[in-house]
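Chemist: What would the 3D arrangement of this be:
(chains A and B)
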Amino acid sequence: QQPVQSPQAVILREGEDAVINCSSSKALYSVHWYRQKHGEAPVFLMILLKGGEQKGHEKISASFNEKKQQSSLYLTASQLSYSGTYFCGTPSGNTPLVFGKGTRLSVIA
Amino acid sequence: DTGVSQDPRHKITKRGQNVTFRCDPISEHNRLYWYRQTLGQGPEFLTYFQNEAQLEKSRLLSDRFSAERPKGSFSTLEIQRTEQGDSAMYLCASSDGGQPQHFGDGTRLSIL
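Modeler: As a prediction, this is how the structure comes out:
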């Protein structure tokens, strides 16, 4: 079951904040977040394993709400380097990770 | 840590030909994964190994696709009788057990 990401795309000016959501119709046990820049490999950002858990790295953080079957990625005071496509992935059955279709983030000066 | 290595980076072939891609995982990683990615989509899981055992292969796209990891180190993905729809980026990732996956730069396949 593929998680659903929203929005599909967002454009920000440097310094603005953004939220990317990832939801599933099935119970979520963990959510993995990756960023992929154009022409490059996806790069791991963080994994959330418990409901309600929040993790952060510098100005990028995430939350995980088991009851809502949803995770959100928060980008604070965005920088040009944040541009790329963000994917969430969740385990499903025997599949270690099923990725969403991604959210394309463009940060402009 | 040299990262996940994939070879070749690009492959152009004629429809109907067979192609084989290689993936060398991070040396201490026992799990190896194969994905396909098309433009504007997320990576699509194909199969994965734990050491030399192929744990899940039902997601391979057809019986033309097969993968091996004979000694539990590098892996190969083969596509037989390639079709136009096989054109995509093929990504390999590795992990230490259930730890986060680290991706290689991929092999871009173009079918003429």
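
Chemist: nearest spatial neighbour of the residue of chain A found nearest chain B, skipping sequence neighbours?
Modeler: With CB to the nearest CB as the measure, residue A:99 is the residue of chain A nearest to chain B, at 3.4 Å. All C-beta atoms are positioned from the backbone trio N, CA, C, and that covers glycine. Taking CB to CB, 6 or more residues apart in numbering or on different chains, and ignoring the residues beside it in sequence, residue A:99 has residue B:42 as its nearest neighbour in space, at 3.4 Å.

Chemist: Near that neighbour, how many other residues are there?
Modeler: 25 (other CB atoms under 10 Å in any protein chain shown).

Chemist: Run through the residues that contact it.
Modeler: Under the criterion of CB atoms under 8 Å, 6 or more residues apart in numbering or on different chains, the contact partners of residue B:42 comprise A:2, A:87, A:89, A:99-102.

Chemist: ditto for residue A:69
Modeler: Under the criterion of CB under 8 Å, 6+ apart, the neighbours of residue A:69 are A:23-28.

Chemist: Might one say that residue B:84 is in contact with residue B:15?
Modeler: Yes. With contact defined as CB atoms under 8 Å, residue B:84 reaches residue B:15; the gap is 6.3 Å.

Chemist: what about the two, which has more around it?
Modeler: Summary of the neighbour comparison: residue B:84 and residue B:15, criterion other CB under 10 Å, with residue B:15 having more neighbours (12 against 9).

Chemist: And the pLDDT at that one?
Modeler: Looking at residue B:15, its pLDDT stands at 97.

Chemist: rewinding a little: buried only: go through the contacts of residue B:42 for me.
Modeler: A residue is treated as buried here by neighbour count (16 or more other CB atoms under 10 Å in any protein chain shown); on that basis the buried members of the contacts of residue B:42 are A:2, A:87, A:89, A:99-102.

Chemist: Closest one to residue B:35 out of the residues you listed, please.
Modeler: Each of the buried ones among the contacts of residue B:42 was scored against residue B:35 by CB to CB, and residue A:99 proved nearest at 8.2 Å.

Chemist: What score does residue 5 have for pLDDT?
Modeler: Picked chain A for this. So residue A:5 comes in at 97 (pLDDT).

Chemist: wrong chain, I was asking about chain B
Modeler: Reading off the confidence values, residue B:5 has pLDDT 96.
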